[in-house]
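Q: Build me a model:
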Amino acid sequence: MKKFETLKKTIRDVPDFPKKGIIFKDITTLLKDKAALKKTIDVLATEFAKKKIKYVVGIESRGFIFGTALAYKLGVGFVPIRKKGKLPAKTRAVTYDLEYGTDTLEIHEDALKAGDRVLIVDDLLATGGTVQAVVKLVRGLGAKITGIGFVIELSFLNGREKLPGLPVFSIIRYE
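A: The predicted model follows:
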């Protein structure tokens, strides 16, 4: 969105990372800018404030940064989604396809209950595979997804198409 151009300017492009031909959107420059970080959390909080959320669900690892700050701002709990083997109690898992292989994400079985209203948060929406896997985990526990929020969306990769019928919000879009 045009009104967030100042935030967009705080994101650094890193060419050829993690491999040749990719332009990596580096949020560490946004994070170290206190005004940009505050604005990012405020924008997300404003977008989702009226959704009656019980938990923010953050996706490892950068979703933890934005998700915990947002949960604090909204006065709700935070639930982490982690890579396989990182959570200590009994978990549910989902394996999903990556460009070159697969990955597995997990959530504690007792993290959410049927009917809990949750907001899923991550730093970036690209192809949508990771967040699609998180949607399966959250729905598998019976929770209701009231929104999905991202700081950045690479809309040219069509990640939203993997989230039909879900309310998706991104602050910064790259067409």
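Q: Work out for me the element the most centrally placed residue in the chain sits within.
A: By Cα atoms, centre = their mean, the chain has its centre lying nearest to Asp122, at 1.6 Å. Secondary structure from DSSP states H and E places Asp122 in strand 117-125.
Q: In three-state terms, label the residue of the chain positioned farthest from its centre for me.
A: In the chain, Lys20 marks the outermost C-alpha relative to the chain mean, sitting 25.1 Å out by Cα atoms, centre = their mean. Using DSSP: H, G, I helix; E, B strand; the rest coil, the structure places Lys20 in coil.
Q: returning to that earlier point: need the contact list for the residue nearest to the centre of the chain.
A: Gly58, Ile59, Arg62, Gly63, Phe66, Gly67, Thr130, Val131, Gly149, Phe150 (Cβ atoms under 8 Å, 6 or more residues apart in numbering). Where C-beta positions appear, they are placed from N, C-alpha and C, glycine not excepted.
Q: any idea of the mean pLDDT in the strand holding Asp122?
A: Across strand 117-125, the average pLDDT comes to 98.
Q: Would you pull up how far whichever helix in the chain runs longest lies from the middle of the chain?
A: Ordering each helix of the chain by length in residues (DSSP state H) puts helix 34-48 first. With Cα atoms, centre = their mean, to the nearest Å as the basis, helix 34-48 stands 14 Å off its chain's centre.
Q: For it, which residues meet the burial criterion?
A: For helix 34-48, the neighbour count (16 or more other Cβ atoms under 10 Å) marks Ala36, Leu37, Lys39, Thr40, Ile41, Val43, Leu44, Ala45, Glu47, Phe48 as buried.
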